[in-house]
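Enquirer: Model the structure of this input:
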Amino acid sequence: MLGESVHGHVLPDEFLWEASRGVLADAVVGRRVLFLARSQPEGPRDLYRAAVRVTLEGKPIDVQRVVNLTDTPFGDEQGLVAAGQHVAYATVAFGAVQQVSMLDLAGQQAEGDGAVGRFLGRLSNLQSTGSLAGLGRTEVSANLQASSVAVRLEGGMLSVSTDAMPRAFTVSLATGEVVTRADEHLAVSSMRVPQLSKPAILWAVDTVRSATGPEFIAWLEDNVFDARDLWKRAGHHAFGQGEEAEVMAGPVAPPPPPPPEPKVVGVEGSYADAAWPPQNLRTIWKTPADEEGVWREPQHKFLQKNEVAGAEAAPSYFYQTHVRPDPKRPWSKVWMVAMDARQLRLGIEGGIEDPKPLTGARGEGRIPREPEVLHRAVGAFNGGFKTTHGEYGMMVARRVLLPPKTGAATIAVTEDGRAGFGSWPSSTNIPQEFVSFRQNLDPLIDGGHLNPSNRKQWGWHLHTTGMLTHRSGFCLTSAGHMVYAWGPEVTGETLGNAMIQAGCTYAVHLDMNPRHTAFAYLDARQRHQAKLLHPGMEVLPERFIVWSPKDFFYLTLRNFGPPAVEGLDMQADGGTQPLPVWAPAVFEGTIGQGRKAVSLRAFLPQRTTVRLVGAGAPIDPALGSRVLAAILPESREPEGPTVTLHVSETGNVKLIGVNGEVPSGGERMSLPLLEKDGGSGERSAMCVADGAMWVARSAGQGDLVAALRKTGCEVVASLGEGTVHRAGSKQPPLDRYESQVLYMLGRSLDPGAFRWQADP
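Expert: Residues are numbered from 1 along each chain as shown. Prediction:
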């Protein structure tokens with residue numbers, strides 16, 4: 001009966017009866033059943049809930065009111081179990097356990113503003129779960145590589161095991177919190193999913209859309225917005241000041257002159273400093289409006305300063321302005337926020353309701369709670385369309401919510417924290433370096449050209465190409481920075497023209513319509529504070545911090561400070577630093593006091609590369625201006641066990657232990673292994689931790705090994721009586737030495753955003 005009710009297949013051990021509501025109720029309205037069903041014999045399973053009418057003896061009569069609780073065509077629900085009022089199951093997709101869900105059959109209190117809001121909440125519960133009380137839901141996000149999963153409910157705990165990891169983690173049924181993990185580094189987080197209240201009009205729109213499909217609502221929106229625009233244009237023509245006559249010859253303002261293209265300044269291909277702040281924008285009007293096209297810093301006192309350790313303060317990481325890009329509508333403005341991609345890291349998060357995942361791995365709807373993320377968040381803005389409006393791809397922290405679509409405009413975040421902008425290739429394989437991505441429509445701008453695919457519809461409107469409503473976009477500039485754009489009365493192409501004015505070379509059309517589009521400046525450290533970019537945005541700005549129904553992007557400050565070492569206060573050293581100097585490459589500090597003091601110097605991998613030069617050979621003259629330091633080991637032959645210092649072709653450095661495997665290629669140097677330091681007098685040692693080069697020096701009885709162990713180093717090499725020659729000091733580096741030498745070369749900050757193109 002269950003299989004026939006969903007035109008699928010149900011196994012005898014994959015359904016659970018809920019508690020009886022009484023003999024009469026079970027016979028008249030039915031007893032509820034949870035079950036897993038496949039539409040194809042070997043296809044993925046969905047979790048359903050139904051009411052089954054039964055006789056007084058308990059024999060099933062028929063199945064009624066079937067609701068699909070998951071609807072995940074790419075996710076397979078497995079391991080359905082129950083204990084008391086709790087039910088649990090796992091979702092497997094793309095070879096990984098994406099999520100484990102716990103349901104509370106006691107229901108969820110309908111929330112809302114007043115009696116009407118609570119009533120609408122209960123109706124929503126009935127639509128989505130088959131009961132007015134709904135279902136309490138706790139979701140545990142995971143990304144465990146596995147093909148099968150086992151779920152157990154016992155002793156007030158949910159225990160999850162996979163075919164690759166027994167007892168991977170446990171969750172408390174009482175609190176919903178992760179209690180234990182098989183590996184402390186296992187990325188698992190839990191969340192009790194709230195029921196979000198909606199204004200009555202949005203509830204009605206979503207309800208009608210779910211019943212009729214998106215076409216009717218799109219037709220209605222199209223006509224309403226067109227009528228409003230015609231009325232406003234007629235009024236402006238009758239009573240306006242004739243601004244149309246003041247439009248310049250061209251209908252589109254030219255972009256600002258592009259900054260110089262990044263140029264190679266060394267054989268590693270490091271980039272010159274990106275142009276920042278952005279250049280003021282040109283206008284299509286003979287007489288610009290007040291501050292039109294002029295970039296200004298946002299004036300919000302709660303915004304964090306980018307605390308850097310350099311001799312200069314970092315510039316503002318946000319600038320905002322507006323332009324009037326529509327020659328037919330002088331009142332229509334597009335507001336923009338420019339973001340310094342060197343200082344800001346982009347993050348992506350799914351909403352609690354949208355996009356509805358096809359794999360089961362719902363988004364958490366809030367900025368991640370890890371302090372290093374939440375406490376450094378400074379901004380957030382809306383994402384893309386609902387799942388029903390195109391099923392455009394999305395992945396969050398390697399959890400796939402929606403698979404990628406070929407040709408779709410894509411914004412991705414890579415392992416090293418950069419933001420990539422590009423169109424998805426013909427293959428749906430996800431690049432290994434991608435941690436998260438979000439797609440929406442075709443590219444609005446590509447190569448600086450508007451609408452290269454000649455798309456006719458920028459949204460779900462039907463018979464025109466130019467419905468005017470709230471729209472938003474996100475783009476990459478020729479200088480490697482990012483811009484968010486928003487306008488309350490713009491078409492898709494008008495929004496694109498505004499971003500071209502801002503110097504964007506690739507742009508993605510994000511979400512549209514009121515209550516779906518907003519940019520918020522924010523501070524989520526202690527007292528949550530948030531302010532919208534424009535008062536016309538119809539969104540609660542704090543929603544990105546608390547609970548967001550839809551997906552969004554968020555921005556956090558990058559850390560330009562020294563490596564954190566317990567008991568070590570490090571500052572930028574006084575030597576030469578590469579540009580920009582507010583993000584130092586070399587730090588120094590001291591552990592201990594008096595004759596036991598050890599001075600340490602750290603060379604950060606993000607700002608330095610390494611070059612190994614043989615005895616008597618000069619360094620390449622093209623690299624001379626980039627030399628920050630020369631590290632000179634003791635020249636005599638090492639005695640006892642040795643370690644290998646390996647420098648790759650790209651300038652990355654590793655220190656490999658006695659029996660370690662040395663990579664092929666690159667350059668190498670043998671150094672004495674320093675296992676226990678009991679010496680005295682002037683001597684030095686070095687090590688490598690997380691790519692950073694550390695050099696320690698003692699002028700007395702300081703323990704070099706103990707000091708370097710605190711930095712996280714596992715292998716320590718002795719430099720003997722060797723030393724460091726530092727650019728900008730009294731002992732600067734030379735262009736050649738009689739012994740083998742290690743040169744530390746400075747490099748500029750890489751742009752934090754780039755034009756992504758898939759490998760051929």
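Enquirer: Just want the most central residue of the protein.
Expert: Closest residue to the average C-alpha location of the chain: G347 at 2.1 Å, with CA atoms, centre = their mean.
Enquirer: wait, doesn't V334 sit right on H322?
Expert: Yes. Counting by CB atoms under 8 Å, H322 is a contact partner of V334 at 6.4 Å. Where you see a C-beta, it was placed from the backbone N, CA and C, and this is true even at glycine.
Enquirer: higher neighbour count, those two?
Expert: More crowded of V334 and H322, by other CB atoms under 10 Å: V334, with 27 against 22.
Enquirer: Let's see the pLDDT reported for that one.
Expert: Predicted confidence (pLDDT) for V334: 97.
Enquirer: Distance-wise, check it relative to T283.
Expert: 12 Å (CB to CB, to the nearest Å).
Enquirer: One more: A692?
Expert: Taking CB to CB, one finds A692 at 47 Å from T283.
Enquirer: now swap in K654 and tell me
Expert: For K654 relative to T283 (CB to CB), the value is 53 Å.
Enquirer: Kindly report the same for G379.
Expert: 26 Å.
Enquirer: So those two - more neighbours on which side?
Expert: G379 (26 against 19).
Enquirer: Break down this structure into its helices, ranges please.
Expert: Ranges of helices within the chain are 2-5, 23-28, 114-129, 200-212, 214-239, 371-374, 492-501, 704-709, based on DSSP state H.
Enquirer: neighbouring contacts of the last one?
Expert: Helix 704-709 is touched from outside by 591-592, 598, 600, 674-677, 683-687, 694, 696-698, 716, with contacts defined as CB atoms under 8 Å, 6 or more residues apart in numbering.
Enquirer: rerun that using 10 Å as the cut-off
Expert: Residues from elsewhere that reach helix 704-709, judged by CB atoms under 10 Å, 6 or more residues apart in numbering: 565, 567-568, 590-592, 596-600, 674-679, 683-689, 694-698, 703, 713-719.
Enquirer: In ChimeraX, how would I select the buried members of the residues you listed?
Expert: Of the contacts of helix 704-709, the buried ones can be selected in ChimeraX as follows, counting by 16 or more other CB atoms under 10 Å:
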select :565,568,591,592,597,598,599,600,674,677,683,684,685,686,687,688,689,694,695,696,697,698,703,713,715,716,717,718,719
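Enquirer: so of the contacts of helix 704-709, which ones are in strands?
Expert: 590-591, 598-600, 683-689, 694-698, 717-719 (DSSP state E).
Enquirer: mind listing what G487 touches?
Expert: Counting by CB under 10 Å, 6+ apart, G487 has contacts 322-326, 332-336, 468-473, 494-495, 498, 517, 534, 536.
Enquirer: Run through the bridge partners of the nearest residue to it once chain neighbours are set aside.
Expert: The spatial neighbour of G487 that comes closest, neighbours along the chain excluded (CB to CB, 6 or more residues apart in numbering), is V334 at 4.0 Å. With DSSP bridges as the criterion, V334 is bridged to V323.
Enquirer: try Q78
Expert: A90.
Enquirer: show me the residues around it that make contact.
Expert: By CB under 10 Å, 6+ apart, the neighbours of Q78 are 14, 36, 44-45, 47, 89-92, 97, 100, 147-151.
Enquirer: what is in contact with V334 and H322 at once?
Expert: 485-487, 498.
Enquirer: what about the strands in the stretch 1-150 of the chain?
Expert: Using DSSP state E, counting those that start in this stretch, the strands of the stretch 1-150 of the chain run over residues 15-17, 31-38, 45-54, 60-68, 76-83, 86-93, 96-104, 136-145, 149-154.
Enquirer: Lowest average pLDDT across these?
Expert: Among the strands of the stretch 1-150 of the chain, strand 136-145 scores lowest, at a mean of 85.
Enquirer: Between the two ends of stretch 711-719, how far is it?
Expert: By CA to CA, to the nearest Å, the extent of stretch 711-719 from end to end equals 17 Å.
Enquirer: now do stretch 544-557
Expert: Start-to-end, stretch 544-557 (CA to CA) is 16 Å.
Enquirer: and what of stretch 25-45?
Expert: Stretch 25-45 end-to-end distance (CA to CA) = 29 Å.
Enquirer: Then stretch 426-438?
Expert: 17 Å.
Enquirer: Next, count neighbours for Q731.
Expert: Neighbours around Q731, by other CB under 10 Å: 11.
Enquirer: cool, the one 10 residues further on as well?
Expert: When neighbours are defined as other CB under 10 Å, V741 has 23 of them.
Enquirer: V610 is in contact with that one, correct?
Expert: No. Contact criterion CB atoms under 10 Å: V741 and V610 do not qualify, at 11.0 Å.
Enquirer: list the residues that contact both of these two?
Expert: With CB under 10 Å, 6+ apart, V741 and V610 have common neighbours I631.
Enquirer: any residues in contact with both of V334 and T283?
Expert: 323-325, 501.
Enquirer: Now for those: which two are most distant?
Expert: R324 and Q501 (10.0 Å; CB to CB).
Enquirer: between the two, what contacts are shared?
Expert: With CB under 10 Å, 6+ apart as the test, R324 and Q501 both reach 253, 283-284, 293, 334.
Enquirer: With distance to A275 added, can I get the residues you listed in JSON lines?
Expert: Output for the shared contacts of R324 and Q501, formatted as JSON lines (distance: CB to CB, whole Å):
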{"residue": "A253", "distance to A275": "19"}
{"residue": "T283", "distance to A275": "20"}
{"residue": "I284", "distance to A275": "24"}
{"residue": "G293", "distance to A275": "17"}
{"residue": "V334", "distance to A275": "22"}
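Enquirer: isn't I631 right up against Y743?
Expert: Yes. Using CB under 10 Å, I631 is in contact with Y743, at 7.9 Å.
Enquirer: Near E154, how many other residues are there?
Expert: 10.
Enquirer: ah, wrong one, I meant Q299
Expert: Around Q299 there are 9 residues (other CB under 10 Å).
Enquirer: OK, contacts around it?
Expert: 320, 521, 531.
Enquirer: Pick the one among the residues you listed closest to V81.
Expert: Nearest to V81 among these, counting by CB to CB, is Y521 at 45.3 Å.
Enquirer: now the shared contacts of V334 and H322 in CSV, with pLDDT?
Expert: As requested, the shared contacts of V334 and H322 are exported to CSV (pLDDT from 0 to 100):
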residue, pLDDT
A485, 98
W486, 98
G487, 96
A498, 95
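Enquirer: Output those as JSON lines; include the columns distance to R362.
Expert: Shown next, in JSON lines, are the shared contacts of V334 and H322 (distance: CB to CB, whole Å):
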{"residue": "A485", "distance to R362": "28"}
{"residue": "W486", "distance to R362": "26"}
{"residue": "G487", "distance to R362": "30"}
{"residue": "A498", "distance to R362": "33"}
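Enquirer: among those residues, which two are most distant?
Expert: W486 and A498, at 9.5 Å, using CB to CB across those.
Enquirer: any idea how far E154 is from the nearest residue in space to L56 that is not next to it in sequence?
Expert: The shortest distance from L56 to any non-neighbouring residue, by CB to CB, 6+ apart, is to V23 (5.9 Å). V23 sits 30 Å away from E154, going by CB to CB.
Enquirer: right, and A615 touches P633 too?
Expert: No. If you go by CB under 10 Å, A615 and P633 don't touch, sitting 11.2 Å apart.
Enquirer: So if I had to pick from those two, which one is more boxed in?
Expert: P633 (24 against 11).
Enquirer: thought the more buried one was touching S670?
Expert: Yes. Counting by CB under 10 Å, P633 sits close enough to S670 to count as a contact (9.5 Å).
Enquirer: quick one, domains of the chain?
Expert: 2-206, 241-255+274-302+315-455+469-559, 571-746 (automatic domain parsing).
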